[in-house]
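1. Predicted model and sequence follow; I will ask about them next.
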Amino acid sequence: MTVTFASVLVPDTLWTVSPFPALAAAAVAAPRIRLRTWVLAAPMRSPAAVVREAKALQQLSDGRFELGIGTGRPGADDEAARLGMPWGSASERIAQLETVVTAVREEVEPRPPVVMAASGARSLAVAGRVADRVAVALSAEASPADLEAAVSRVRESAPDVSLSLQAFGVGDRVPEYLARQGYSGSALREAGSVVMLPGDPAAIADQAREQRRVVRRRRGRRPVRLRSRGRAGLTTGVGVRGAQRISAGWAVDSRTDSHRSPSGATWFR
């Protein structure tokens, strides 16, 4: 069986490779792959610096870059300090993100899609207005009610924006950083975590359809994208057709019945 990667996503931390050079290397090595920062921490760079990097990557990739951006994960203020960048309050970081997105949209051609990761009430409300797609960032223990509440916050400001949900694990498998925090896949699934996928492809499809219904109750015609994290910190999408050929732990695209790997990006409509 031959599989090909559909996209590669690179995080923005001081303990992983710098995202823009890594994505540039991916652009050269794989001439059709989609490229995304996941997610760029807005406080870590000036708007001009982001515009410069995005322009270069769009030129190198023939327009395959997507700007994944957020206000910065908890605890990243130390990394900002090491880079000599101010961290600011939550409101200031949201304003910084809006400034960066505006600059990229005005100065980068072709204009890259913007995907904003958001979790707090304020950032979720702003995300619907700022981004082309909102990635609802939930905790490992998030319940269906948590998902519905987050979707409601986004829909209040942007009824039609597309939404994404990132899965943390498949079956009993979770990333190493969650395991170090004491989480296990089986415990999270038993607790009803909405960001854990079952190991069976058919069950994954059922879960995706249920999450689709949750979103549609809140406005409902846009797709939900469910995304799982790769073990190495990169998120890659792998597309293969045919349920019978896919082992447990693969996700299903409910629009096309295509399947994608546990480390991959999976879309649900």
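-> Perfect, I can see it now.
2. Can you mark which positions in stretch 99-110 are buried?
-> 100-101, 103-104, 108 (16 or more other C-beta atoms under 10 Å). (C-beta placed from N, C-alpha, C; glycine too.)
3. do stretch 21-38 as well
-> So for stretch 21-38, counting by 16+ other C-beta under 10 Å, buried means 22-24, 26-27, 30, 33-38.
4. Next: stretch 206-215.
-> Buried-residue list, stretch 206-215, by 16+ other C-beta under 10 Å: 207-208, 211-212, 214-215.
5. next one: stretch 116-123
-> In stretch 116-123, counting by 16+ other C-beta under 10 Å, buried: 116-119, 123.
6. With distance to residue 166, pLDDT and secondary structure added, can I get these in TSV?
-> Shown next, in TSV, are these (distance: C-beta to C-beta, whole Å; pLDDT from 0 to 100; DSSP: H, G, I helix; E, B strand; the rest coil):
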residue	distance to residue 166	pLDDT	secondary structure
116	13	97	strand
117	8	96	strand
118	12	95	strand
119	11	91	coil
123	15	93	helix
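7. any idea which of the residues you listed is closest to residue 148?
-> residue 119 (14.6 Å; C-beta to C-beta).
8. who touches the closest one in this structure?
-> Residue 119 sits next to 136-138, 150 when contact means C-beta atoms under 8 Å, 6 or more residues apart in numbering.
9. quick one on the thing from earlier: mind checking which of the buried residues of stretch 21-38 land in strands?
-> Of the positions in these, 34-37 sit in strands, assigned by DSSP state E.
10. Skip the chain neighbours and tell me the closest residue to residue 66.
-> residue 36 (4.1 Å; C-beta to C-beta, 6 or more residues apart in numbering).
11. how much space is there between that neighbour and residue 13?
-> 15 Å (C-beta to C-beta, to the nearest Å).
12. Kindly report the same for residue 126.
-> 23 Å.
13. Settle it for me: which of these two has more neighbours?
-> Between residue 126 and residue 13, residue 126 has the larger neighbour count (other C-beta atoms under 10 Å), namely 23 against 15.
14. The nearest residue to that one once chain neighbours are set aside is in what secondary structure piece?
-> Setting aside the residues directly before and after it, residue 126 is nearest to residue 94 in space (C-beta to C-beta, 6+ apart), at 5.5 Å. When elements are assigned from DSSP states H and E, residue 94 belongs to helix 90-107.
15. Run the chain-centre distance for that helix.
-> Chain-centre distance of helix 90-107: 18 Å, with C-alpha atoms, centre = their mean, to the nearest Å.
16. do the same with stretch 104-115
-> Distance, centroid of stretch 104-115 to centroid of chain: 18 Å (C-alpha atoms, centre = their mean).
17. Only alpha carbons, please: show that stretch as PDB.
-> Coordinates of each C-alpha in stretch 104-115 appear next as PDB, following Å, rounded to 0.1, in the frame of the first residue of the first chain:
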ATOM      1  CA  VAL A 104      -0.200  39.300   6.100                       C
ATOM      2  CA  ARG A 105      -3.500  39.700   4.200                       C
ATOM      3  CA  GLU A 106      -2.600  43.100   2.900                       C
ATOM      4  CA  GLU A 107       1.000  42.300   1.900                       C
ATOM      5  CA  VAL A 108       1.400  38.600   1.000                       C
ATOM      6  CA  GLU A 109       0.300  37.300  -2.400                       C
ATOM      7  CA  PRO A 110      -1.300  35.000  -2.900                       C
ATOM      8  CA  ARG A 111      -3.100  35.600   0.400                       C
ATOM      9  CA  PRO A 112      -2.700  32.500   2.500                       C
ATOM     10  CA  PRO A 113      -5.700  31.000   4.400                       C
ATOM     11  CA  VAL A 114      -5.700  31.900   8.100                       C
ATOM     12  CA  VAL A 115      -6.500  29.300  10.700                       C
END
